[in-house]
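A.B. asks: Requesting a structural model of the entry that follows:
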Amino acid sequence: MSGIRKQELINDISTLLNSYQDVGTTYINPALLEFMDDEILKSIIADLLQQKEHQQESNREWLEQFKTLQN
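C.D. replies: Just a heads-up that it's a prediction; the model follows:
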């Protein structure tokens, strides 16, 4: 894998980690991620996206409770 592509994956991981509202900045030493191959980095990204999707679904369910109560 090219160094540029690996850096893009590492940047994507950092962006995803820091995309949660009301959560402080998360820092991962990029040198730790440099030792991982592209499949592991892609797996981390997939896991983070799945967690974000689950969180959004949970938030949506929570908000729906209020909608139901108002009707």
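
A.B. asks: can we go C-alpha only for contacts and neighbour counts from here?
C.D. replies: OK.

A.B. asks: Whatever helix or strand residue 5 lives in: which residues count as buried?
C.D. replies: When elements are assigned from DSSP states H and E, residue 5 belongs to helix 3-17. Buried residues in helix 3-17, counted by 16 or more other CA atoms under 10 Å: 6, 9, 10, 12, 13, 14, 17.

A.B. asks: for the helix or strand just after that helix, what is the average pLDDT?
C.D. replies: Proceeding C-terminally, helix 3-17 gives way to helix 30-34 as the next helix or strand, assigned by DSSP H and E. Mean pLDDT, computed over helix 30-34, is 84.

A.B. asks: who does helix 30-34 touch, helix- and strand-wise?
C.D. replies: For helix 30-34, the packing partners by 3 or more CA pairs under 8 Å, 6 or more residues apart in numbering; DSSP states H and E come out as helix 3-17.

A.B. asks: averaged over its residues, what pLDDT does the helix it packs on have?
C.D. replies: The predicted confidence, averaged over helix 3-17, sits at 90.

A.B. asks: List the buried residues for the longest helix seen in the chain?
C.D. replies: Across the chain, the helix with the greatest residue count (assigned by DSSP state H) is helix 38-70. Taking 16+ other CA under 10 Å as the basis for neighbour counts, the residues of helix 38-70 that come out buried are 38, 41, 42, 44, 45, 52.

A.B. asks: Not counting its neighbours along the chain, what's nearest the second one?
C.D. replies: The spatially closest residue to residue 41, leaving aside those adjacent along the chain, is residue 9, at 6.5 Å (CA to CA, 6 or more residues apart in numbering).
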